[in-house]
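Undergrad: Quick one, fold the following:
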Amino acid sequence: MTKFSANLGFLWNNLPLPDAIHAAKNAGFDAVECHWPYDYEVEQVRQALSDTGLQMLGLNTRRGDVKGGENGLSALPGRETDARAAIDEAIDYAQAIGCGKIHIMAGFASGKDALKTFNANLAYACDRAAQFDQIILIEPLNSYDAPGYFLQTVEQAREIIEGLGAASLRLMFDCYHAQLMGGDLTNRLKSLLPIIGHIQFASAPDRGPPDTGEIHYRHIFHMLKEWNYADPLGAEYKPKGATEDSLDWMGSLR
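TA: Residues are numbered from 1 along each chain as shown. Sure, this is the predicted structure:
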């Protein structure tokens with residue numbers, strides 16, 4: 001049976017994070033993940049996870065100056081100090097709540113200097129994460145939603161991962177982003193499976209629940225079972241109303 005993780009950046013994002021964790025448990029999710037938990041004390045989140053028996057699978061590094069248009073720091077030349085502070089914060093928070101995966105956000109940048117900066121910051125993150133047996137994730141974002149984001153395709157991510165050669169560095173394969181940046185999800189998933197650390201899903205092109213849109217998730221999830229991928233899949237979609245009213249897909253796609 002396919003396992004699902006609720007991404008609380010989008011699902012129940014009207015609730016405080018500890019309450020959202022309880023809501024995910026009540027809805028039948030097998031795990032949770034989030035974007036930026038830093039407004040909540042570690043003990044609040046840790047207690048909610050303990051009460052529900054759910055694991056927090058992953059969280060993101062801070063974006064930086066959001067009002068100034070930043071969406072990650074780790075590929076920005078000249079922002080290494082801030083980027084590494086965000087990496088340290090994320091790793092420490094994750095370790096404190098028993099979360100095993102940290103998504104390092106690259107930010108809006110391009111060119112050789114950005115690549116050099118990103119690689120150096122990823123190497124730093126991997127060295128730190130290895131102390132706690134954590135996984136560092138990088139995620140390509142599509143150029144429609146995030147024009148100018150440094151990391152845009154899974155192929156670009158593979159080059160970086162294979163180039164660094166760090167055992168703790170993996171790909172976050174978001175089916176929604178990958179569909180908008182080339183499609184061919186079945187073949188790309190199969191090819192990239194050895195370096196995938198987490199998989200997320202939403203409909204395309206509207207990023208709604210997975211039982212709508214152009215992606216045939218019944219097929220995708222069946223193939224992942226065939227390939228013995230057993231980790232929870234991250235539901236990172238935007239409900240059109242109350243999250244509880246968007247969950248019919250859970251029964252049909254398990």
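Undergrad: Surely Ala83 touches Phe118?
TA: No. Applying Cβ atoms under 8 Å, one finds Ala83 not in contact with Phe118, separated by 9.1 Å. For every residue, glycine as well, the C-beta is placed using N, CA and C.
Undergrad: the more surrounded of these two?
TA: The neighbour comparison of Ala83 against Phe118 (other Cβ atoms under 10 Å) goes to Ala83, with 28 against 25.
Undergrad: Is it correct that His219 is in contact with Pro210?
TA: No. With contact defined as Cβ under 8 Å, His219 does not reach Pro210; the gap is 11.7 Å.
Undergrad: More neighbours: which of the two?
TA: Pro210 (26 against 11).
Undergrad: Distance of that one relative to Ile196?
TA: Pro210 sits 18 Å away from Ile196, going by Cβ to Cβ, to the nearest Å.
Undergrad: And for Gln156?
TA: To Ile196, Gln156 is 15 Å away according to Cβ to Cβ.
Undergrad: can you check Lys112 too?
TA: Relative to Ile196, Lys112 is positioned 27 Å away (Cβ to Cβ).
Undergrad: and stretch 46-61, which residues are buried?
TA: 46, 48-49, 52, 54-61 (16 or more other Cβ atoms under 10 Å).
Undergrad: I'd like those residues laid out as CSV, including secondary structure and distance to Thr2.
TA: Shown next, in CSV, are those (DSSP: H, G, I helix; E, B strand; the rest coil; distance: Cβ to Cβ, whole Å):
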residue, secondary structure, distance to Thr2
Arg46, helix, 27
Ala48, helix, 24
Leu49, helix, 22
Thr52, helix, 20
Leu54, coil, 16
Gln55, coil, 17
Met56, strand, 19
Leu57, coil, 15
Gly58, strand, 18
Leu59, strand, 23
Asn60, strand, 24
Thr61, coil, 28
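Undergrad: Alright, I will stop here.
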